[in-house]
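Q: Dropping a prediction and its sequence here:
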Amino acid sequence: MNLINVDYSEKIPNNVNLTEDRRVLRALEGWHPSYLDWWKDMGPEGFQESLVYLRTAVSVDPKGWAKFDYVKMPDYRWGILLAPAEEGRKVPFGQHHGEPAWQEVPGEHRALLRRLIVIQGDTEPASVEQQRHLGKTAPSLYDMRNLFQVNVEEGRHLWAMVYLLQKYFGRDGREEADELLRRRSGSADAPRMLGAFNEATPDWLSFFMFTFFTDRDGKMQLESLAQSGFDPLSRTCRFMLTEEAHHMFVGETGIGRTVQRTCEAMVAAGMDDPADIDRVRALGVIDLPTIQKKLNLHYSLSLDLFGSEVSTNAANAFNAGVKGRFRETHIDDDHQLTSATYPVLKLVGGEIKLVDEPALTALNMRLRDDYTRDCVKGVERFNKIIEKTGVRFRLTLPHVAFHRQIGEFRNVQATPAGELLNDAVWVRRCDEFLPSRGDGDFIAALMAPVSEPGQFANWIAPPKVGIDNKPGDFEYVKIAA
Ligand SMILES: [Fe+2]
Ligand SMILES: [Fe+2]
């Protein structure tokens with residue numbers, strides 16, 4: 001690719017004056033071809049030449065930031081957009097509370113900031129890699145388009161983090177930007193940094209669960225980084241959150257439509273026992289107990305992303321003014337947590353108990369609690385859908401001790417209800433709680449692609465409204481032969 005012909009003010013929508021920032025421009029020019037190679041190798045497989053009806057962020061104006069049009073994904077305009085500066089913004093928490101927000105990286109917190117940006121940046125391409133096979137089994141063109149929308153925006157989020165690294169962290173920032181393209185989800189020698197981002201996303205229900213749970217973790221992380229005293233990071237994350245809302249919409253409506261279709265098929269067939277899995281499956285829909293198991297898996301994986309409940313790293317990031325709490329500026333306290341406590345679920349003498357910990361070291365737990373509250377609301381909306389059909393079944397979030405790899409409960413086994421089990425019983429019973437190989441095979445067998453405009457796979461209900469107010473039979477993806 002001949003980079004001399006790339007007009008970056010045209011090619012990359014931005015509000016950071018990119019054409020006049022020669023140093024950053026050169027760094028991005030160096031990175032861009034590797035990014036495109038990565039996208040072609042690891043982005044949606046088999047659809048690089050197809051025309052996809054996508055929204056592109058072209059400005060940060062709340063009323064008109066997105067422009068919809070057909071585009072081939074490798075030609076997508078991955079922009080660099082920061083939410084507008086807030087005049088007179090102060091560091092909202094920590095030891096620098098009340099000092100003017102930093103426009104440059106403070107030397108004493110440089111390593112910490114770089115690490116947080118790299119961890120956030122690493123998740124963005126990881127999810128694209130995890131989802132790259134899904135286009136081939138999309139249940140409709142509508143869903144396929146939503147998948148690709150999420151994918152290109154995760155690509156843009158990578159650009160957002162790479163911009164910060166290249167602009168504010170000099171040579172090691174550029175090296176980190178290269179490393180972000182080198183690691184691969186699930187790779188044995190260069191895996192992505194966080195566990196959930198190395199798991200497979202084998203089917204569309206997994207994709208919806210991922211966007212419901214894991215993108216919601218992303219939202220919580222972005223919310224707390226949006227509080228950062230480092231203003232460019234705050235502004236970057238604030239704008240990313242506008243896109244993240246769509247990712248969670250895809251997850252929530254995807255699960256909701258799956259649940260709805262299952263219930264409708266059961267009602268139409270006169271079945272009222274959700275536990276009669278074989279008969280429900282014979283209808284070509286995903287039975288509710290299996291949906292519950294998928295939910296158990298993805299929720300437990302997402303909880304691990306918050307790290308240990310009690311963490312000095314979290315305390316340090318807060319003290320430093322680098323990473324705050326969810327809605328920090330709306331919280332009524334000293335924003336320094338010098339003497340506050342926070343209740344943490346811990347394993348005490350073989351029992352699960354609430355223990356007061358210094359609030360400063362319990363920040364991961366607090367953010368995770370905020371996250372859980374957000375998840376509960378979504379699950380209640382699924383239950384409303386089920387209720388309306390008359391089917392008697394409720395989805396629930398599993399206990400936080402269930403199926404954990406990180407934190408207080410990593411060395412024990414528990415049921416989704418929070419009852420501790422010994423290892424032998426766990427091994428015998430884990431197929432009751434988590435998707436078994438058989439469940440996975442059944443779901444995989446349902447994943448036949450549907451690519452007629454306006455048509456949907458039997459296992460999922462159509463959406464209530466189209467994207468960008470398009471009619472039901474709109475051709476969201478023009479698949480290249
Ligand atoms: Fe993202
Ligand atoms: Fe996302």
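A: That came through fine. Numbering: from 1, shown residues only. Ligands and ions are numbered 1, 2, ... in the order given.
Q: near ligand 2, which residues of the protein show up?
A: Residues of the chain lying close to ligand 2 by C-beta under 5 Å from the ion are D215, G218, E244, H247. For every residue, glycine as well, the C-beta is placed using N, CA and C.
Q: Tell me which of these fall in helices.
A: Mapping the residues of the chain next to ligand 2 onto helices (DSSP state H) picks out D215, G218, E244, H247.
Q: Now do the contacts for the first one.
A: In this case it means D215. For D215, the contact set (C-beta atoms under 8 Å, 6 or more residues apart in numbering) comprises S127, V150, E244, H247, M248, G251.
Q: how distant is stretch 420-428 from the center of its chain?
A: The chain centre lies 31 Å from the centre of stretch 420-428; the measure is C-alpha atoms, centre = their mean, to the nearest Å.
Q: Can you pick out the most distant pair from the ones in helices among the residues of the chain next to ligand 2?
A: Taking C-beta to C-beta, the two most distant members of those are G218 and H247; they sit 7.6 Å apart.
Q: Now the chain against ligand 1: closest residue?
A: Taking C-beta to the ion, ligand 1 has its nearest neighbour within the chain at H157, 3.6 Å off.
Q: which stretches of the stretch 51-200 of the chain form strands?
A: 51-57, 66-72 (DSSP state E, counting those that start in this stretch).
Q: Count the residues that sit near the residue of the chain closest to ligand 1.
A: By the criterion of other C-beta atoms under 10 Å, H157 has 27 neighbours.
Q: Of the residues of the chain next to ligand 2, keep whichever come out buried.
A: Buried by 16 or more other C-beta atoms under 10 Å: D215, G218, E244, H247, out of these.
Q: how about the residues of this structure near ligand 1?
A: Going by C-beta under 5 Å from the ion, the residues of the chain near ligand 1 are E124, E154, H157.
Q: nearest residue to the second one other than its sequence neighbours?
A: What that stands for is E154. Nearest residue to E154, sequence neighbours excluded (C-beta to C-beta, 6 or more residues apart in numbering): E124, at 4.7 Å.
Q: Just the pLDDT for that neighbour.
A: What the model reports for E124 is a pLDDT of 97.
Q: Now for it: which residues touch it?
A: By C-beta under 8 Å, 6+ apart, the contact list for E124 reads E154, G155, H157, L158, M161.
Q: with those in mind, which one is nearest to F326?
A: Minimum distance to F326 across those is 19.0 Å, recorded for H157 (C-beta to C-beta).
Q: For the chain, which residues score under the pLDDT cut-off?
A: The chain contains residues with pLDDT under 70 at 1-10.
Q: V105 contacts F169, doesn't it?
A: Yes. V105 lies in contact with F169 (C-beta atoms under 8 Å); the separation is 7.0 Å.
Q: neighbour-wise, which of those two wins?
A: Taking neighbours as other C-beta under 10 Å, V105 and F169 compare with V105 leading, 23 against 20.
Q: Spatially nearest residue to G121 (excluding sequence neighbours)?
A: Sequence neighbours aside, M161 is the residue nearest to G121 in space, at 3.2 Å (criterion: C-beta to C-beta, 6+ apart).
Q: How many residues are close by that neighbour?
A: 26.
Q: Touching, it and L116? I think so.
A: No. Contact between M161 and L116 fails when scored by C-beta under 8 Å: they sit 9.9 Å apart.
Q: so what's the residue nearest to H335 when sequence neighbours are not counted up against?
A: Distance criterion C-beta to C-beta, 6+ apart; nearest residue to H335, sequence neighbours excluded, is F93 at 4.1 Å. Counting by C-beta under 8 Å, 6+ apart, F93 touches Q227, G229, F318, G321, G324, R325, E328, H335, Q336.
Q: Provide the backbone phi and psi angles at F93.
A: Here is the backbone geometry of F93 (degrees, to the nearest 10): phi -170, psi 170.
Q: And it, how close does it get to L420?
A: Per C-beta to C-beta, to the nearest Å, F93 is found 36 Å from L420.
Q: next one: F197
A: In terms of C-beta to C-beta, F197 sits 29 Å off from L420.
Q: and S187, how many residues sit next to it?
A: Residues lying near S187 (other C-beta under 10 Å) number 12.
Q: ok, for it, nearest residue in space, not its chain neighbours?
A: Leaving aside its sequence neighbours, S187 sits nearest to N198 (C-beta to C-beta, 6+ apart; 7.9 Å).
Q: cool, and A457?
A: In space, A457 comes closest to P139 once its chain neighbours are excluded; the distance is 3.5 Å by C-beta to C-beta, 6+ apart.
Q: for Q405, same thing?
A: Spatial nearest neighbour of Q405, excluding adjacent residues (C-beta to C-beta, 6+ apart): D304 at 5.3 Å.
Q: Surely N411 is within a helix?
A: No. N411: not assigned to a helix; according to DSSP: H, G, I helix; E, B strand; the rest coil it is coil.
Q: gap between it and F306?
A: Noted for N411: a distance of 18 Å to F306, by C-beta to C-beta.
Q: the more surrounded of the two?
A: Between N411 and F306, counting by other C-beta under 10 Å, F306 is the more crowded of the two (25 against 8).
Q: For that one, what are phi and psi?
A: The phi/psi pair for F306 (degrees, to the nearest 10) reads phi -80, psi -10.
Q: That one contacts T214, correct?
A: No. If you go by C-beta under 8 Å, F306 and T214 don't touch, sitting 11.7 Å apart.
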